[in-house]
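Q: Need coordinates for the below:
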Amino acid sequence: MGMASPDVSPYDALLLVSFGGPEKPEDVVPFLENVTRGRGIPKERLEEVGEHYFLFGGRSPINDQCRDLLAAIRTELAGAGIDLPVYWGNRNWDPFLTDTLRQMAEDGITRAACFVTSAYSSWSSCRQYRENLWDAVDPLGDGPGPEGSPVRLDKLRHYFNHPGFVEPNVDAVLAALADLPEDVRSGAELVFVTHSIPTAMSERSGDPEKDWEEGSAYVAQHLDVLAPGDKHHLRICIDELGPAPGQVSRKENRTLELPLFSRWETPIQDLTTAFMSENNVTQNDILYMETKSIFVQLIRSIPQLGDKRPINLPQIAERAATTKDATLVRKGIKVKEMLRELEELKVVDRRDGYALMTDEVAGELTHLGNMREKVMEEMRSLESVFKTICEHNNYLRSQLDTYKSYLQNVRMTSGAGKDKNASGVGVISFGGKERKNAKSQVLGPYRFTHAQLEKDGTIVESNVPENR
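A: This is a model prediction of the structure:
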């Protein structure tokens with residue numbers, strides 16, 4: 001005798017409830033209108049927000065994820081010998097809850113358990129879904145459900161703190177840490193990001209004094225696994241942060257400053273100091289590199305300064321310091337002082353014309369290329385393109401004039417007066433005298449549509465998209 005199937009009574013169906021999302025670019029704005037219905041948000045603002053979806057081709061991943069979850073649930077139920085139909089309905093996009101509930105009623109479903117893809121407890125992730133379910137089932141008519149509805153719906157509990165939800169997240173974090181190189185694993189940072197909700201919405205969610213998250217389900221319950229040892233960086237960060245502060249209004253929000261740690265857990269207080277310590281670079285080396293960089297900038301800003309060889313660095317600095325450009329003046333004065341300081345440190349020598357830095361500046365300029373030459377070459381290229389455009393424009397104008405003359409001639413020769421002796425443009429009468437053009441009726445303009453031309457058989461085949 002085979003094992004009996006698990007008893008899932010009183011339920012005869014499972015309903016997967018989710019948020020929904022656009023599946024193509026044309027869906028984005030209508031989807032956002034559904035999300036914000038009743039709030040009076042201008043369409044221009046919705047289109048602006050919709051740009052985020054276009055970064056992903058106008059398609060949200062949530063519907064595909066729900067399809068995968070739906071298939072997994074059905075496979076799991078079948079493997080456990082549970083014969084229970086599974087339905088799927090969304091709050092804001094197809095398949096809509098109203099359509100799904102109507103189908104369930106037609107299929108004879110009388111009581112269903114509802115699993116919502118939002119794990120947390122707030123008005124938007126809990127109570128609003130309950131209201132959506134009520135609105136979807138209420139119009140269906142008489143039945144055994146509440147207030148006589150044909151389907152009774154029981155929303156399953158929140159699961160943000162359920163082991164089946166928390167432990168897979170912990171396992172995923174540990175797996176990600178294990179994939180890191182051994183030399184950076186111990187100092188790797190773990191960042192927790194949350195989504196805040198308005199205070200008014202929080203107050204609508206229930207008792208504000210109740211600890212809905214029960215002491216941080218992700219971290220506090222599994223800190224020993226994620227951060228073994230008293231000196232583990234994550235444990236230190238959590239101890240320094242202390243318990244989560246109470247929720248405040250937006251205007252009372254404050255910036256939370258955290259120390260920046262390197263992968264070796266060394267606070268980076270001074271970027272220059274860190275750069276010097278990790279690369280054996282001295283303060284003199286940094287001064288030298290900055291001086292060289294400014295000279296390169298000055299020569300590229302005033303190309304004629306670099307025409308003479310060898311490059312005269314003091315002359316370039318003096319020239320920049322005496323220009324009418326305030327930015328060049330500041331750089332010129334600054335680089336003169338830096339060059340003098342390098343000479344005092346005996347990094348460069350005036351007697352050899354600052355040969356070391358001069359050679360390196362010349363090398364940088366060769367590598368970067370002459371800006372003036374590049375600009376002139378680009379201008380010549382643009383002028384050539386402009387000349388071609390003008391010539392083509394003149395050609396098109398002449399063609400247009402010719403075509404206008406042709407049309408005028410056709411209209412005159414086929415006018416409504418039907419004067420057989422009327423002549424067209426440039427036509428001379430048989431009498432040898434040029435006759436005045438008969439006054440003709442101007443026909444047109446005519447308006448043709450793509451659909452009409454296709455219907456008349458004028459257009460046999462077209463590659464114009466159907467939505468144009």
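Q: what's around K292, how many residues?
A: Applying other CB atoms under 10 Å, we find 21 residues neighbouring K292. Just so you know, the C-beta spots here come from the backbone N, C-alpha and C atoms, and that holds for glycine as well.
Q: Actually, L287.
A: Counted with other CB under 10 Å, residues neighbouring L287 total 16.
Q: Please name the residues that touch P310.
A: Residues near P310 by CB atoms under 8 Å, 6 or more residues apart in numbering: 353, 358, 362.
Q: Quick check: it vs V347, distance?
A: According to CB to CB, to the nearest Å, P310 and V347 sit 19 Å apart.
Q: ok, now L32?
A: Counting by CB to CB, the separation of L32 from V347 is 61 Å.
Q: re the thing from before, among the contacts of P310, the buried ones, what's the PyMOL command?
A: This is the PyMOL syntax for the buried subset of these, where burial follows 16 or more other CB atoms under 10 Å:
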select buried, resi 358+362
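Q: and which of the contacts of P310 is nearest to W123?
A: For these, the minimum distance to W123 (CB to CB) is 67.9 Å, reached by A362.
Q: What helix or strand is that closest one located in?
A: helix 355-368 (DSSP states H and E).
Q: How about that helix, which residues are buried there?
A: Buried residues in helix 355-368 (16+ other CB under 10 Å): 357-358, 360-362, 365.
Q: ok, and what's touching that helix?
A: For helix 355-368, using CB under 8 Å, 6+ apart, the contacting residues are 288, 291-292, 295-296, 299-300, 306, 309-311, 313, 342, 348-349.
Q: Would you mind listing which of the residues you listed are buried?
A: 288, 291-292, 295-296, 299-300, 306, 311, 313, 342, 348.
Q: S125 is in contact with V17, correct?
A: No - counting by CB atoms under 8 Å, V17 does not reach S125; the two are 11.0 Å apart.
Q: Overlap of the contact sets of those two?
A: Going by CB under 8 Å, 6+ apart, residues that sit against V17 and also against S125 are V116.
Q: And those two? Which one has more around it.
A: With other CB under 10 Å as the criterion, V17 and S125 differ in neighbour count, and V17 comes out ahead with 26 against 19.
Q: quick one: that one and Q408, what's the gap?
A: On the measure of CB to CB, V17 and Q408 end up 70 Å apart.
Q: ditto for V329
A: 66 Å.
Q: Next: V166.
A: Counting by CB to CB - V166 and Q408 are separated by 83 Å.
Q: quick one, strands of this structure?
A: All strands of the chain, identified by DSSP state E, fall at 13-18, 86-90, 111-116, 152-155.
Q: List the pairing partners of the last one within its sheet, with orientation.
A: So that's strand 152-155. Here strand 152-155 is paired, per DSSP bridges, with strand 111-116 (parallel).
Q: sorry, back to before: would you turn the buried ones among the contacts of helix 355-368 into JSON lines with pLDDT and distance to P181?
A: Shown next, in JSON lines, are these (pLDDT from 0 to 100; distance: CB to CB, whole Å):
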{"residue": "Y288", "pLDDT": "88", "distance to P181": "34"}
{"residue": "T291", "pLDDT": "91", "distance to P181": "37"}
{"residue": "K292", "pLDDT": "90", "distance to P181": "35"}
{"residue": "F295", "pLDDT": "89", "distance to P181": "40"}
{"residue": "V296", "pLDDT": "87", "distance to P181": "37"}
{"residue": "I299", "pLDDT": "85", "distance to P181": "43"}
{"residue": "R300", "pLDDT": "81", "distance to P181": "40"}
{"residue": "G306", "pLDDT": "66", "distance to P181": "45"}
{"residue": "I311", "pLDDT": "85", "distance to P181": "45"}
{"residue": "L313", "pLDDT": "90", "distance to P181": "45"}
{"residue": "L342", "pLDDT": "90", "distance to P181": "40"}
{"residue": "V348", "pLDDT": "89", "distance to P181": "41"}
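Q: neighbours around E51, how many?
A: 9.
Q: To clarify, my last question referred to T449.
A: There are 8 residues near T449, going by other CB under 10 Å.
Q: residues in contact with it?
A: For T449, the contact set (CB under 8 Å, 6+ apart) is empty.
Q: Which pLDDT value does the model give it?
A: Reported pLDDT at T449 in the predicted model: 75.
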